[in-house]
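A.B. asks: pasting a predicted model and its sequence here:
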Amino acid sequence: MAINVLERRALMGAIAFVAVSLGLIAYATWGLGINVPTCIPLGTKPFDQASVTKHDGKNYEVHFVARMWAFEPAVLRVPTGSTLDIYAVTKDVTHGFLIAGTNVNLMLVPGAVANGRVHFSKPGIYNIVCHEYCGKGHQAMNAQIEVSDQIADYSVEGIPASAGLKLLDEKGCLACHTVDGSARIGPTFKGAWGTTLHLADGSTRTFDAALFEQKIHDPTAFAVTGYPPVMPPIPLTDDEIKQIEAYLEGLQN
Ligand code: CUA
């Protein structure tokens, strides 16, 4: 049976429309680099803890955790030219996750991990906002990514201290050091950050990131007066060290 000429035109029109639509999606994906947000089932990795992991060069994997009414981390600073692989989850209700001025626009639905990638070629302050109404603190729910030419590596604020404490526990540090001010085989961490330490060789040094990192990398380099030099090597990645330092810094009072 012959197809009516009008029917044929309608068919051709529909096929052309589908082809153009698919072409535009392909162009957006490969031409413009726009990622369609994907969802990963929860539990494939520990995504429920905010963290930053540095991969090669300026590639970072960032795990954001959203809850009423904040994002963790609250501030992330990265060098210009960085690419972030972002994984974000919510701990309570559905939140939005929009990085203004970029193509990252995610929905954080309970039980799922939202994923997106963003490349920052220009310095500036990029605001992350929640664009899904989530209760009375919704308007104030935001975070920031600061992209700068002036820094060589990343830094973060607002990752909960519990990450550092958990590491101290897992790595066995708490067998010798307390976080409540009491003495054990080693000095307590409570209130130690930023203070002057008296070392066994008679010198004094400030307890800061440089000192902490030296002690981790070379445990026998020095000892604090009054404590035996028995610190063993502790295998820690640079990211883990940063998380512990953030925790120790917050233990000042
Ligand atoms: Cu979270 Cu609105």
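C.D. replies: Happy to help now that I have it.

A.B. asks: and residue 166, its phi and psi?
C.D. replies: phi -60, psi -40 (degrees, to the nearest 10).

A.B. asks: show me the shaky parts of the stretch 1-150 of the chain.
C.D. replies: For the stretch 1-150 of the chain, residues meeting the criterion pLDDT under 70 lie at 1, 32-46.

A.B. asks: the helices in it, which residues?
C.D. replies: Counting by DSSP state H, counting those that start in this stretch, the stretch 1-150 of the chain has helices at residues 5-26.

A.B. asks: the ligand contacts on that one?
C.D. replies: The interface of the stretch 1-150 of the chain toward the ligand, taken as C-beta under 6 Å from any ligand atom, is made up of 69, 95-96, 130, 132-134, 138, 141. The way it works is simple: take the backbone N, C-alpha and C, and place the C-beta from them, glycine included.

A.B. asks: could you pick out the buried ones from the residues you listed?
C.D. replies: Among those, the ones that count as buried by 16 or more other C-beta atoms under 10 Å are 69, 95-96, 130, 132, 134, 138, 141.

A.B. asks: buried ones in stretch 94-103?
C.D. replies: 95-99, 102.

A.B. asks: wait, what's in contact with the residue nearest to residue 48 when sequence neighbours are not counted?
C.D. replies: Closest residue to residue 48 apart from its sequence neighbours, by C-beta to C-beta, 6 or more residues apart in numbering: residue 89 at 6.1 Å. Residues near residue 89 by C-beta atoms under 8 Å, 6 or more residues apart in numbering: 42, 47-48, 63-66, 108, 112-114.

A.B. asks: mind doing that once more with 10 Å?
C.D. replies: Residue 89 sits next to 40, 42, 47-50, 63-67, 95, 97, 108-114 when contact means C-beta atoms under 10 Å, 6 or more residues apart in numbering.
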